[in-house]
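1. I'll drop the sequence and a predicted model, then ask my questions.
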Amino acid sequence: MPSSYYKPACRQRKALLVPAFCAIAALAACSSTSKLTTGSISRPVTGAALASMSSAELNGVVRRYGAAYDKNPKDKTVGLSYAAALQMTGRNDQSLAVMQQMAIAFPKDREVLAAYGKALAASGNFDKALDAIHRAQTPDYPDWRLLSAEGAILDQIGKPDEARVLYRKALDIQPNEPSVLSNLGMSYLLSRDLKQAEATLRQAAQQPGADSRIRQNLALCVGLQGRFDEAEKIASAELPADQATANVAYLRQMLAQQNTWSMLKDGDKPKS
């Protein structure tokens, strides 16, 4: 995740510690953060809700939305939620295929184009992702989510200064938005400005609406500075025991590697 978009560090979903840009992860989300249950297909699923699920729960969401999508591939709510769940399980190519069909069905829909940009970025198609986001954006009435998402992609392609300009524009529109602050903090982290990264991530984590993904990014930043006990405490807070254990194990493994920074930029698992 070069200061931009991080692929899931653990594709098996055993670790939630995912250096991931929250704005992109939340593009297809709605305001509800409750977990999905049978019968809730008509509601969109949020990135925050997906991030809190176990592998079994995620697979169940993929199956339910997949079945609904198969019956009606032009249902916007189902398509967006199905694509988001696929991405969370590491099935980026399949998620992109779903969003390509959604973009054909809704060629002028800002929400769909934004989610399409997210899927393109997750698959490494950054130029096309930027194009989709630019088509979704309206310069006379800019959407802060799209500004932050564009910043995340610019970070990914090695343009952190340009990215941070967009994050600040997003914050001018939506002050103290935790997902944007988190993206900004991770941008600093990837530039190895750990002091500024920590300050920004702490600010993000203190905002109402901050979710576990932001706290995991903060834990990573603290751990990279050698304060491992503090990092463990942050990584383990507000998570089920199995996810907390997996997060701490992943954090220990990552910080023990000599190629930590390369792993962060590539979004890969630690290599033993």
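-> Thanks, I have it.

2. Could I get the contacting residues of the residue of the chain positioned farthest from its centre?
-> Residue farthest from the centre of the chain, counting by CA atoms, centre = their mean, is K71 at 28.0 Å. Going by CB atoms under 8 Å, 6 or more residues apart in numbering, K71 touches no other residue. The way it works is simple: take the backbone N, C-alpha and C, and place the C-beta from them, glycine included.

3. Model confidence for it, exactly?
-> On pLDDT, K71 comes in at 95.

4. any idea how far A119 is from it?
-> To A119, K71 is 21 Å away according to CB to CB, to the nearest Å.

5. How about N183?
-> From N183 to A119 the distance is 18 Å (CB to CB).

6. Would you mark the buried spots in the helix or strand encompassing A85?
-> Here A85, judged by DSSP states H and E, is contained in helix 76-88. Buried residues in helix 76-88, defined by neighbour count with 16 or more other CB atoms under 10 Å: 76-88.

7. cool, stretch 118-134 as well?
-> Within stretch 118-134, the residues that qualify as buried are 118-123, 125-126, 128-130, 132-133, counting by 16+ other CB under 10 Å.

8. now swap in stretch 65-72 and tell me
-> Along stretch 65-72, these residues count as buried under the neighbour rule (16+ other CB under 10 Å): Y65, G66, A68, Y69.

9. repeat for stretch 164-172
-> Across stretch 164-172, burial judged by 16+ other CB under 10 Å covers R164, L166, Y167, K169, A170, L171.

10. residues contacting the nearest residue to the second one once chain neighbours are set aside?
-> It stands for L166. Leaving aside its sequence neighbours, L166 sits nearest to G151 (CB to CB, 6 or more residues apart in numbering; 3.7 Å). Neighbouring residues of G151 by CB under 8 Å, 6+ apart: S4, A23, E162, A163, R164, V165, L166, Y167, A170, N183, L184, S187.
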